[in-house]
Every structure is written in structure tokens, then in C-alpha cells.
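> okay, here's the prediction I keep looking at, along with the sequence it came from:
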Amino acid sequence: MFNLIKKDILVQKFTLIYGIVNTLIIILAFQQMGEAMFPACVVALSYVMLQSACAYDDKCNADILLNILPCKRSTVVLARYLSVFAFAVISIFYYAVISSIIRILLLPLKVYSITLEGIVGAMFSLIFINSIYLPVFFKMGYYRSKMLNIFLFFAMFFSIGWILPMFRNDFRFLDSFNNTYIITALMILAVIIYGISFLVSVKIYERREF
């Protein structure tokens, strides 16, 4: 399984290079969005890397090759679900390095610190989006699910810019709760959503014919 995750990372050669450009573009685009900048960078770059891995598998008929090997289909699905977290770690590293360089060089750009709330928000968004996308990918493949991919990608940016201000203005009652409770609740909800999505994907993939 770890070799499958490693494969998903190694096929990111061009995506990792363009990751610097993508991160800078998002930082520029989210100058007026405040704390939404960090989670937006993480979610966007992670999602692009996931799409790159999915596209590579479709292009190289990796599913056919993997099914020849003594590898359970559930393991293939689990590796793809876990790859999302590996991509998130890489994305956080990119943001940390680039935002630090911007501060050191005193460039006239706003950058925001990495916070636990930002990480949890980014991971929840990633899990929610991929919980929708991955079952469709395992059912239809990358190219046939491309329209959903495009829709989710743009919906992600609009939702980040809309949800954060809404929570600040319309859900002030959450201020009375300890942040630890809110973060714990989000993590539990994310695990449940991801777990259900994983089980659905396994069932779909095990029935798929190649």
C-alpha cells in the first residue's frame, strides 16, 4: 500500500514544480480574504495533485496492471484515499516555505500564519470534496468524471470565500464553545464522511470490470 502512495507522489514531477506558481497565484488571489488564504492554498494544491495522480493512472491503464498483481482492490482504494493526506502535507510545506520567503524579503504581500484551525478547515474541505469525487472516479475513471472535477474545483474556491465570512457573522454562538470541542467535532464528522465514502468506493471498484 505504501508503494502505491509513493507512486502517487512520484508522478507529481511537473505538479510539484508548478506548485510554487500555483501557491503564489492563490496568495495573490486571496489577498482580501484573510485567513482563508492558507486553507485555500492547501486544498487547491492537494486537489490538483490528486487529479494528476488520477489522470496518470487512467493514461497508463494502471488499474489493469494493478489487478494483475497480487494486490487487493480495497488496498488500491485505501492507498488513493490516504494519498490525499500526503498531498496535504506537501501543500502545507509549500505554503510554509513560500510565505516565509515573502516575509523575509519584505514583499508587499499579505500572508497569514499556519494555524491549527486552518489545518483542520483545510483537511475537512479536502475530505468533503474528495468524499464526493473519489467514488465517482472509481466508478467512471478520470476522463469521464472530469466535469465533476471541474465543478468541485471551482465550488471549493467560492465556498471558502463564502463560508468563512458566514461563520464569522451569522454563527457567533459558536464563540461560546471551546475551540477544542469544535475541532474535535469536525474531525469526527470528517472521519465518518471519509469512512462512508471509502466503503462506497471499495464496493464500486470491486464490481468494476477492466
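Looks like it arrived, so ask away. Residues are numbered from 1 along each chain as shown.

> my read: Met33 touches Ala40, true?
Yes - counting by Cβ atoms under 8 Å, Ala40 is a contact partner of Met33 at 7.2 Å. Every residue, glycine included, has its C-beta placed from N, CA and C.

> neighbour count: those two, which is higher?
When Met33 and Ala40 are compared for neighbours, Ala40 comes out ahead with 25 against 18, by other Cβ atoms under 10 Å.

> quick check, pLDDT for that one.
pLDDT for Ala40: 85.

> where in the protein is the helix or strand with the lowest mean pLDDT?
Least confident helix or strand, the chain: helix 146-170 with a mean of 65, by mean pLDDT, DSSP states H and E.

> just checking, next helix/strand downstream of it?
helix 179-207 (DSSP states H and E).

> buried set for the host helix or strand of Ile132?
Element membership for Ile132, per DSSP H and E: helix 116-140. Buried residues in helix 116-140, counted by 16 or more other Cβ atoms under 10 Å: 118-131, 133-138.

> now swap in stretch 55-62 and tell me
Neighbour-count burial for stretch 55-62 flags 55-57, 62 (criterion: 16+ other Cβ under 10 Å).

> same thing with stretch 24-32?
26-27, 30.

> which of those residues lies closest to Ser201?
Proximity of the buried residues of stretch 24-32 to Ser201 (Cβ to Cβ) peaks at Ile26, which lies at 28.2 Å.
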